[in-house]
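S.K.: Fold the following for me, if possible:
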Amino acid sequence: MIAEDHGGEGPPILLLHGLMGRGRTWRRQIPWLRSYGRVFTIDAAFHRGAGADQATGPDDIANERFVADIAEVLTVIDRGPAVLIGHSMGGLHAWCTAAEYPELVAAIVVEDMAPDFRGRTTGTWQPWFATWPDRFDGLAHAVEMFGPIAGEYFYDAFDDGRLHGELSVWADIAERWGERDFWEQWQQVRVPALLIEASGGVTPEGQMRTMAETNEFATLLTVEGGHLLHDDAPQIYRGAVEAFLDGLTVARPSGSALAGEGVAAGRGQLDETVGQ
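M.R.: A predicted model of the protein is given here:
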């Protein structure tokens, strides 16, 4: 897996997209994040273009595979522990990477993702997926189908309107989340963690609050908006993430390394930002 380098100075910041997303769906957040470090994006397996990846067995779409891919990227980047900022599936991968490879992760941001979807199925997605064309005529076509926020997000991920992966594989990835939970991995996280929950998101009721209550390193913010909160409420999202990063001892070009002692300051700044 190859990471795309978007520049900036300081510690690495790796952006992890959600299911059916892609690295370039972060394009609206990359410019301001460069003030906090060297920004990288990746396309997760099965999100790299039509026909780019083939699943040969269940392990190919297991959570452990995606986490191992992220660890490999961080090792290749070789710029020290990274801040992982993840949306949905990317948030899950962020905390599982922090649990499995603590030496590679300095802090995490988890946007609208929970540890336990057991018993849920993607079967209801199939009729919706059946309405998707193989290629969208343009941005307006995607907006017409998904609405302005999701339409722009999806079209950013597509290749000239063409889907960048297989709908059936994406559904299979999500289906695996209904078979297990990830509470154990969450409890192993020992780095500063900002949890951002969307009021109209996809997480089961109360789970992100429980995540914050059971992990002393975590802070929870609930924001009014939909699942794509970083695009649906971009100013609130930006303010929250910037306050969190400011609360870390972030390595600036002339500064010190990332460390956890700045978490308390970050929580105070976060509260102030949200209250505005």
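S.K.: ok, residues contacting stretch 136-154?
M.R.: The contact list for stretch 136-154 (C-beta atoms under 8 Å, 6 or more residues apart in numbering) reads 20-21, 25, 131-132, 155, 158, 161-162, 226, 228, 231-232. Yep, even glycine has a C-beta here, placed from its N, CA and C like the rest.
S.K.: Please pick the buried ones from the residues you listed.
M.R.: 20, 21, 25, 155, 158, 226, 228, 231, 232 (16 or more other C-beta atoms under 10 Å).
S.K.: With pLDDT, secondary structure and distance to residue 182 as added columns, please give those in CSV.
M.R.: Shown next, in CSV, are those (pLDDT from 0 to 100; DSSP: H, G, I helix; E, B strand; the rest coil; distance: C-beta to C-beta, whole Å):
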residue, pLDDT, secondary structure, distance to residue 182
20, 95, coil, 20
21, 96, coil, 19
25, 97, helix, 23
155, 97, helix, 30
158, 97, coil, 29
226, 95, strand, 23
228, 97, coil, 21
231, 97, helix, 25
232, 96, helix, 25
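S.K.: which SS class is residue 137?
M.R.: coil (DSSP: H, G, I helix; E, B strand; the rest coil).
S.K.: Which pLDDT value goes with it?
M.R.: Looking at residue 137, its pLDDT reads 95.
S.K.: show me what contacts the residue sitting nearest the centre point of the chain?
M.R.: Closest residue to the average C-alpha location of the chain: residue 86 at 1.8 Å, with C-alpha atoms, centre = their mean. Counting by C-beta under 8 Å, 6+ apart, residue 86 touches 15-18, 92-95, 108-111, 113.
S.K.: Adjacent strands (with direction) for the helix or strand encompassing it?
M.R.: Here residue 86 sits within strand 82-87, counting by DSSP states H and E. In the sheet, strand 82-87 lines up against strand 12-16 (parallel), strand 105-111 (parallel) (DSSP bridges).
S.K.: re earlier: so which of the contacts of stretch 136-154 comes closest to residue 238?
M.R.: Among the contacts of stretch 136-154, residue 231 lies closest to residue 238 (C-beta to C-beta), at 11.0 Å.
S.K.: Quick check: the gap between that closest one and residue 59.
M.R.: According to C-beta to C-beta, to the nearest Å, residue 231 stands 32 Å off from residue 59.
S.K.: same question, residue 71
M.R.: Separation of residue 71 from residue 59 (C-beta to C-beta) stands at 16 Å.
S.K.: neighbour count winner among those two?
M.R.: Taking other C-beta atoms under 10 Å, residue 71 and residue 59 do not tie; residue 71 has more neighbours (16 against 9).
S.K.: Just the residues contacting the helix or strand hosting residue 194, thanks.
M.R.: Residue 194 belongs to strand 193-200 when assigned by DSSP H and E. Applying C-beta under 8 Å, 6+ apart, the external contacts of strand 193-200 come out as 95, 98, 107-112, 203, 208-209, 211-212, 215, 217-227, 229, 232, 237, 240-241, 244, 270.
S.K.: Narrow these to those in helices?
M.R.: Judged by DSSP state H, the contacts of strand 193-200 include 95, 98, 208-209, 211-212, 229, 232, 237, 240-241, 244, 270 as members of helices.
S.K.: Now which of those residues would you call buried?
M.R.: 95, 98, 208, 211, 212, 229, 232, 237, 240, 241, 244, 270.
S.K.: For those, work out which two are farthest apart.
M.R.: That would be 98 and 232, which, of those, are the farthest apart (C-beta to C-beta) at 25.6 Å.
S.K.: Who are the contact partners of residue 17?
M.R.: Applying C-beta under 8 Å, 6+ apart, the residues contacting residue 17 are 23, 25, 26, 41, 43, 44, 47, 86, 87, 89, 90, 157.
S.K.: what pLDDT does the last one get?
M.R.: We have a pLDDT of 97 for residue 157.
S.K.: distance of it from residue 125?
M.R.: Computed as C-beta to C-beta, the residue 157 to residue 125 distance reads 17 Å.
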